[in-house]
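Asks: I need the structure of the sequence given here:
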Amino acid sequence: MTGRNVHLWLPGWLQHELQRSRRHAGVRHLYFCLADHYEPYWGGVGKETARTIVRDWASRYPEIAAGHCDSEGSAPQHTYFYPEEEYDPRVLDLLGDLSRRGFGDVEVHLHHDNDTAAALTEKLTSFTEVLHRQHGLLRRDPRTGQLRYAFIHGNWALDNSHPEGRWCGVDNELQVLLDTGCRVDMTMPSAPHGTQTRTVNSIYFARGQNGVSKGHDTGRRAKVGEWRRADELLMIQGPLTLDWGRRKAGVLPRIENGELSADNPPRAPRARLWADCGISVEGAEEHVFVKVHTHGAQPRAMQTLLDGGLQVLWGALEREFRDNDDWQLHYVTAWQMYETVRELALGQKPAEVAA
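Replies: Numbering: from 1, shown residues only. Prediction:
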């Protein structure tokens, strides 16, 4: 795995593997979130092409999802992290309709470079207001009225973490996110990219620092009985592990990073690998969180997902974690995953606790 930046994350992975508990009494719960870096204008396509991509997706997805459900009878959920710089009202109306019909939700995605904290604040504030006022998306804090959202950073460079200083520019971006209403980031993992954090397979709280990048490299693990402090942002990571069932040159294991793509399509064995990462809140390890990611509006990925990939994915999850007396499967959006983590950490229902 030379050149795969394993030095960034392999020590953390080994430590996680040694420390995580493998013994659980009673029924376990798996919460599954598909976080889509949804970029219909990817590759510089024109407006009509982008809108056709989304219309095709919006037409086919509900038909495919209709044949699947979790342990509670809920349909698979798809969270569209939509990029601010690709705003198109017709596209957002289509995605908003899918959300209102119970097939997912829309959150915030952003690609930027050489930015400033002030300009970033304006981008995020304006975009979240448009999503809410024009399309009925996101949610307001019942006490303060501020919009709340989940976030994924474009090009993985959260908190100015790119090794070459590209694709962000804002040290202490974590604080800007908090100030504009972000409550959870789902960017990681990014391996084998150089933006990958030392912390892996974790749900934790990260704190930014003025003039310092990559504040999410480490943090305070989420645990039962403790919630976030005022200057902390919750990080929910997806799975990162080694797949010994797929070996390079028949020898070295391949990296499993939870990406669904044409080159790494859904396969049944991957579902168990994701669960085995044991991503959880400390003290509630019977609740396992699996967040995988895709770029579903890119043509090859879209074809892979709609022409059988989603069926394979959901079928594997349902066989392993729904049709199994030891597990219950829960399809959740990104925000529902955030609220479940909050509920576990505080021991209260999300509606009873202020953000």
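Asks: what sits against Glu226?
Replies: By C-beta atoms under 8 Å, 6 or more residues apart in numbering, the contact list for Glu226 reads Ala345. Backbone N, C-alpha and C define where each C-beta goes, glycine included.
Asks: what comes into contact with the host helix or strand of Ala119?
Replies: In the assignment (DSSP states H and E), Ala119 maps to helix 117-135. Helix 117-135 is touched from outside by 82, 84, 87, 89, 92-93, 96, 106, 108, 110, 112, 137-138, 140, 147, 149, 170, 172-173, 176-177, 179-182, with contacts defined as C-beta under 8 Å, 6+ apart.
Asks: state the mean pLDDT of the following helix or strand past that helix.
Replies: Per DSSP H and E, helix 117-135 leads on to strand 139-140 as the next helix or strand towards the C-terminus. Averaging pLDDT along strand 139-140 yields 98.
Asks: now do strand 139-140: distance to the chain's middle.
Replies: 19 Å (C-alpha atoms, centre = their mean, to the nearest Å).
Asks: quick check: neighbours of the next helix or strand after it in the sheet, parallel or antiparallel?
Replies: Per DSSP H and E, the first helix or strand lying C-terminal to strand 139-140 is strand 147-153. Here strand 147-153 is paired, per DSSP bridges, with strand 104-110 (parallel), strand 139-140 (antiparallel), strand 182-185 (parallel).
Asks: distance to Lys223 and mean neighbour count added to the ones you listed, as TSV?
Replies: TSV is the format used below for the strands paired with strand 147-153 (distance: least, C-beta to C-beta, whole Å; neighbours: other C-beta atoms under 10 Å):
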stretch	distance to Lys223	mean neighbour count
strand 104-110	25	25
strand 139-140	26	12
strand 182-185	16	22
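Asks: and of those strands, who's closest to His16?
Replies: strand 182-185 (19.0 Å; C-beta to C-beta).
Asks: which phi and psi does Asp88 have?
Replies: Here is the backbone geometry of Asp88 (degrees, to the nearest 10): phi -140, psi 110.
Asks: tell me the contacts of it?
Replies: Asp88 neighbours (C-beta under 8 Å, 6+ apart): Pro40, Tyr41, Lys47, Ala50, Arg51.
Asks: so which of those wins on neighbours?
Replies: Pro40 (27 neighbours; other C-beta atoms under 10 Å).
Asks: quickly find the element holding that one.
Replies: Here Pro40 is assigned to no helix or strand, by DSSP H and E.
Asks: that one and Pro265: what is the separation?
Replies: Distance, Pro40 to Pro265, using C-beta to C-beta, to the nearest Å: 20 Å.
Asks: before we move on, what about Asp141?
Replies: From Asp141 to Pro265 the distance is 39 Å (C-beta to C-beta).
Asks: those two - which one has more neighbours?
Replies: Pro265 (16 against 13).
Asks: the more buried one touches Gly309, doesn't it?
Replies: Yes - Pro265 sits in contact with Gly309 when judged by C-beta atoms under 8 Å, with a separation of 5.1 Å.
Asks: how about the contacts of Asp88 in JSON lines, adding pLDDT and distance to Trp244?
Replies: Shown next, in JSON lines, are the contacts of Asp88 (pLDDT from 0 to 100; distance: C-beta to C-beta, whole Å):
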{"residue": "Pro40", "pLDDT": "98", "distance to Trp244": "36"}
{"residue": "Tyr41", "pLDDT": "98", "distance to Trp244": "38"}
{"residue": "Lys47", "pLDDT": "98", "distance to Trp244": "45"}
{"residue": "Ala50", "pLDDT": "98", "distance to Trp244": "40"}
{"residue": "Arg51", "pLDDT": "98", "distance to Trp244": "43"}
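Asks: where are the low-confidence patches of the chain?
Replies: For the chain, applying pLDDT under 70 flags the ranges 1-3, 20-23, 348-355.
Asks: go again with 80.
Replies: 1-4, 7-25, 248-251, 348-355 (pLDDT under 80).
Asks: in it, which strand is the longest?
Replies: Identified as the longest strand of the chain according to DSSP state E is strand 28-37.
Asks: Gly26 is nearest to which of the strands paired with strand 147-153?
Replies: That would be strand 182-185 among the strands paired with strand 147-153, by C-beta to C-beta, at 27.3 Å.
Asks: Phe289 belongs to a helix?
Replies: No - read with DSSP: H, G, I helix; E, B strand; the rest coil, Phe289 is strand and lies in no helix.
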